[in-house]
Structure formats: structure tokens, C-alpha cells
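> Below is the structure, and that's it, no one-letter string:
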């Protein structure tokens, strides 16, 4: 729904691997295409493969699972630059913007306003957005100006796909929000949604922080130090170019 319009494609004419449609060729003027002319999917750019939310590729002591996106960092970067190049000119900004994606999930545990974190950061170039209120083009503009992107994992984190090279991504996750997809019951495991996708976007520096401790004084202090650490990295990179 987000990427296909960037190609000039109507998303309603495509199906995912989970919602495949077989339509008889008896509808004149249909927006669907017959099988002999179909295009078989986005292929490698499916974000999780057959995984539901991309966190069950994590390695544990009982089983080693090869992540779906291992070794695909350059592909992710080239893909995002291709989409950006076909939708306008987006130049990196200096000094870089710190962007907070507010209420970036429908899930209550991950629907964050970052009140304490915003109050702890002073004299910095900070902007806050509810990404659902922005058009896709506006989200591309925001991402291109961002050096540090702060979000909860979920739908609102996907704007980070378009961050420039060397940007930092700070993601808050529900440490006990995991789901057993066979039973659809909470298994109280960490719910690091899109872990497999975002951790292999190698042009970004990705940090995962737990939601349930995010407002504790020690964690607020750690978060502030992390932001300043990332700003120092961006400054050094800027001065060396």
C-alpha cells in the first residue's frame, strides 16, 4: 500500500502472498490482469518472507534460524534511493533533524507520545509528527531531513526506510508483547516488530530500547546520552566530507 503508488501502480490491482486472488476472465474493464500477463510480486523486497512480523528470525539457544534479510543491506538502500529519485529532489539537511514518530502503532502498548524523552532533550533541532497525518510525499521529505529517527516499532517506523545513509534509528519495543502465531496467544516474549528488516538495513545505525523502562530516570539519562552520541557521529561524518 505504501510502495506500489511510488511505482505508479494501483495497490488494489495487486495481491500479497497471504491474500492471493484468482479471478475469472469474465469482467470487461476490470482493473485486474489475467494470469498470462501477471507480474509475480515484489520478490526479494517482501519484508519478512513467510514470517508474520519479522521477529521470529531471531536466534535463540534452541534453534538457529537464518534471517530472511541477511546480506541485503545494499538492496534496501538502493531500493529506497530509487523510490526517492522518482518522487522529487530530497537533499540531506545540516544540522540534521531529530524526528519523533508519535503514536506510531495502533497497539496501546506501542502508542507512544515520548513526553518524558522530549522534555529531556533541550536546545536540539527536534520535530514531532504523527505519520498517519502526512502524505507519503511529506514523509519522504521528513525522512530526508532526519539524522536521528525515534519511533516505536510498528507501522510508523516504516518511514525510516527512507532515512539517508548514516542516520540513526532508535526503536522502542514491547518487551513482553510477543505473539505465538499458531495459537494467537501472548507468549510474553519481546515483540521487536520488523527486527529482521530494520537490523539488516546496513546504511542505518539501529538501537532497540524497551518500552516498559523507557520513563525510568536511568533510562531517560541513557536515551539522552545515546542521542548526543549519535549527533557526535553525524558531526564527525559531516566534517570529514
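Right, received. Where do you want to start? What you see is a predicted model, and the numbers here were worked out from it, not measured in a lab.

> I'd like to know how far residue 128 sits from residue 185.
From residue 128 across to residue 185, the span is 35 Å (CB to CB, to the nearest Å). In short, each C-beta sits where N, CA and C put it, glycine included.

> So which of these two has more stuff around it?
More crowded of residue 128 and residue 185, by other CB atoms under 10 Å: residue 128, with 13 against 10.

> Shouldn't the more buried one be within a strand?
Yes: under DSSP: H, G, I helix; E, B strand; the rest coil, residue 128 sits within a strand.

> Would you check that it makes contact with residue 118?
Yes: counting by CB atoms under 8 Å, residue 128 does reach residue 118; the two are 7.1 Å apart.

> anything in contact with each of the two?
Residues touching both residue 128 and residue 118 (CB atoms under 8 Å, 6 or more residues apart in numbering) are residue 100.

> which stretches of this protein form helices?
73-85, 115-120, 136-144, 195-199, 217-239 (DSSP state H).

> Which residues does the last one contact?
Counting contacts by CB under 8 Å, 6+ apart, the residues outside helix 217-239 that touch it are 94, 96, 98, 116-117, 120-121, 124, 147-148, 166, 168, 170, 205, 207, 209, 213-214.

> Show me the residues you listed that map onto strands.
Members of the contacts of helix 217-239 lying in strands (criterion: DSSP state E): 98, 147-148, 168, 170, 205, 207, 209.

> tell me how far the ends of stretch 163-177 are from each other?
27 Å (CA to CA, to the nearest Å).

> Averaged pLDDT, it. What do you get?
Average pLDDT, stretch 163-177: 93.

> what about stretch 115-126, how long is it end to end?
13 Å.

> Check which residues of it are buried.
117-118, 121, 125-126 (16 or more other CB atoms under 10 Å).

> now swap in stretch 208-227 and tell me
In terms of neighbour count (16+ other CB under 10 Å), stretch 208-227 has its buried residues at 208-209, 211, 214, 219-220, 223, 226-227.
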